[in-house]
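Colleague: next one to model:
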Amino acid sequence: MIRFYSLFISNDDLLASPLIQKFNLFHDLNLRLGQKETVNFLLQTPLTPMQCKKLNIISDPNSVEILDTEVKTYKYQTLISVTLIPKELGSARIGLAFPQSEGLHEERLKHLPARFEAIPCSKIHQTTAAYQPTRSTVGVQ
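Modeller: Alright, predicted model coming up:
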């Protein structure tokens, strides 16, 4: 199953405009450009361990940079926390994809629009860790 959410990425100057405030109402979330944000998605269904393992975050990498994800399952719900940085002003979409059947899940992920990329949650931590700057001390002799 794939669920998409619409994001409105803005800054303080845009939010001061009454016209932009009306446009903002058509989106699920309002995020600030260039600021690290944590977005929580509460699914009204518990995901199985296999579904959590194969959970994918779908986004346009030019609009949103995904930094981290955390999945917590409860008896009747699942909480998915996504830490991200919006990179472009305007409308963007983010999606959650989790399998209900193995073959159908893989097939649907293959038919995403060209600008979207599906990243397995298990790989987001590894990718983020690879891009962390390292501190090194350069000695002067």
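Colleague: the nearest residue to Q44 once chain neighbours are set aside: neighbouring residues, count only.
Modeller: Taking Cβ to Cβ, 6 or more residues apart in numbering as the measure, Q44 lies nearest to Q77, with 5.9 Å between them; neighbours along the chain are not counted. C-beta: built from backbone N, CA, C; applies to glycine. As a burial measure, Q77 scores 13 neighbours (other Cβ atoms under 10 Å).
Colleague: ok, now which ones touch Q77?
Modeller: Listed by Cβ atoms under 8 Å, 6 or more residues apart in numbering, the contact partners of Q77 are 42-46.
Colleague: need the buried ones from those selected in ChimeraX.
Modeller: To isolate the buried members of the contacts of Q77 in ChimeraX, using 16 or more other Cβ atoms under 10 Å:
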select :43
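Colleague: quick one: which of the contacts of Q77 sit in strands?
Modeller: Secondary structure assignment (DSSP state E) places 42-43 from the contacts of Q77 within strands.
Colleague: okay, the contacts of Q77 in TSV with pLDDT and distance to D68 next?
Modeller: Below are those laid out as TSV (pLDDT from 0 to 100; distance: Cβ to Cβ, whole Å):
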residue	pLDDT	distance to D68
L42	92	18
L43	91	18
Q44	91	23
T45	87	23
P46	90	22
